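J.: Only the shape, not the letters, is given here:
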């Protein structure tokens, strides 16, 4: 799979120092994009960027706290100074926790919503302002199937991801005139180092049985949709919500 139009373009990925964000960054780098990895643990990000540069890729790491506008602005200035205008933005930074709705407190709510929704809005707005001035680009908001179908114990997370999906559509409507496309990528249950032990447990195996394809997704299952939305192959797509979930959203209740 080759997307030549991504070569030389600048891609910014938040939450890029591990997990899905790291994989998204690597996928774009493999297509020749100049990647800006953004996150809070800068030392980890710099080691990652250095290893990629040793492989001949263009990569840099910036420290960004999506809950602080000054931090967002400083990171974007660094990225622009090094690699120029951002053409692709993967809005991936997020946090999660599990707690029953009746037991959750204000901090439980704000910790999740401030990153997953307000933080996503904050960075997307700042990036969109630069894209407007540079001729356009593609914004990919990373949502979740729990933004479309709920599960127990994650009310703040589900609410934030549902808000992000609706924000995607609102942004798409307003930003189309500036040649900025905004779409949402909605992963289902994807196997990672962090969740592998859980999905090996009886509870995890029971959850997998509810997925019509009877398996977890793999990180590489997200590559095609990501590259579609990042590249000119999706030039007539905006406001779309693409689920990659093995059919989980259409499974029987």
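T.: Arrived safely. Please read all numbers here as calculations on a predicted model, not as lab measurements. Numbering: from 1, shown residues only.
J.: How far off centre is the helix ranked longest in the chain?
T.: Longest helix of the chain, by residue count under DSSP state H: helix 155-175. How far helix 155-175 lies from its chain's middle: 13 Å, per CA atoms, centre = their mean, to the nearest Å.
J.: If we ignore the residues flanking it in sequence, what's nearest residue 46?
T.: residue 61 (4.7 Å; CB to CB, 6 or more residues apart in numbering). (Glycine included, C-beta is placed from N, CA and C.)
J.: Mind telling me what element that neighbour is part of?
T.: strand 59-63 (DSSP states H and E).
J.: same deal with residue 71?
T.: Here residue 71 is assigned to helix 69-83, by DSSP H and E.
J.: Repeat that for residue 239.
T.: Going by DSSP H and E, residue 239 is not in any helix or strand.
J.: Give me the pLDDT value at it.
T.: You'll see residue 239 listed with a pLDDT of 98.
J.: quick one: contacts for it?
T.: Residue 239 sits next to 168, 169, 172, 173, 182, 183 when contact means CB atoms under 8 Å, 6 or more residues apart in numbering.
J.: Repeat that for residue 96.
T.: 112, 154, 157 are the contacts of residue 96 under CB under 8 Å, 6+ apart.
J.: and it, what pLDDT?
T.: Residue 96 is given a pLDDT of 92.
J.: Over to residue 33?
T.: For residue 33, the pLDDT comes out at 98.
J.: Got the phi and psi for it?
T.: phi -70, psi 150 (degrees, to the nearest 10).
J.: Where does pLDDT dip in the stretch 151-253 of the chain?
T.: Residue ranges of the stretch 151-253 of the chain with pLDDT under 70: 253.
J.: Secondary structure element for the residue nearest to residue 76 when sequence neighbours are not counted, which one?
T.: Computed as CB to CB, 6+ apart, the closest residue to residue 76 that is not its neighbour in sequence is residue 126, at 5.8 Å. Here residue 126 is covered by helix 120-134, with elements defined by DSSP H and E.
J.: what helices or strands is the helix or strand following that helix leaning on?
T.: Toward the C-terminus, helix 120-134 is succeeded by strand 137-142 as the next helix or strand (DSSP H and E). Secondary-structure packing of strand 137-142 (3 or more CB pairs under 8 Å, 6 or more residues apart in numbering; DSSP states H and E): strand 88-91, helix 120-134, helix 155-175, strand 180-187, helix 223-230.
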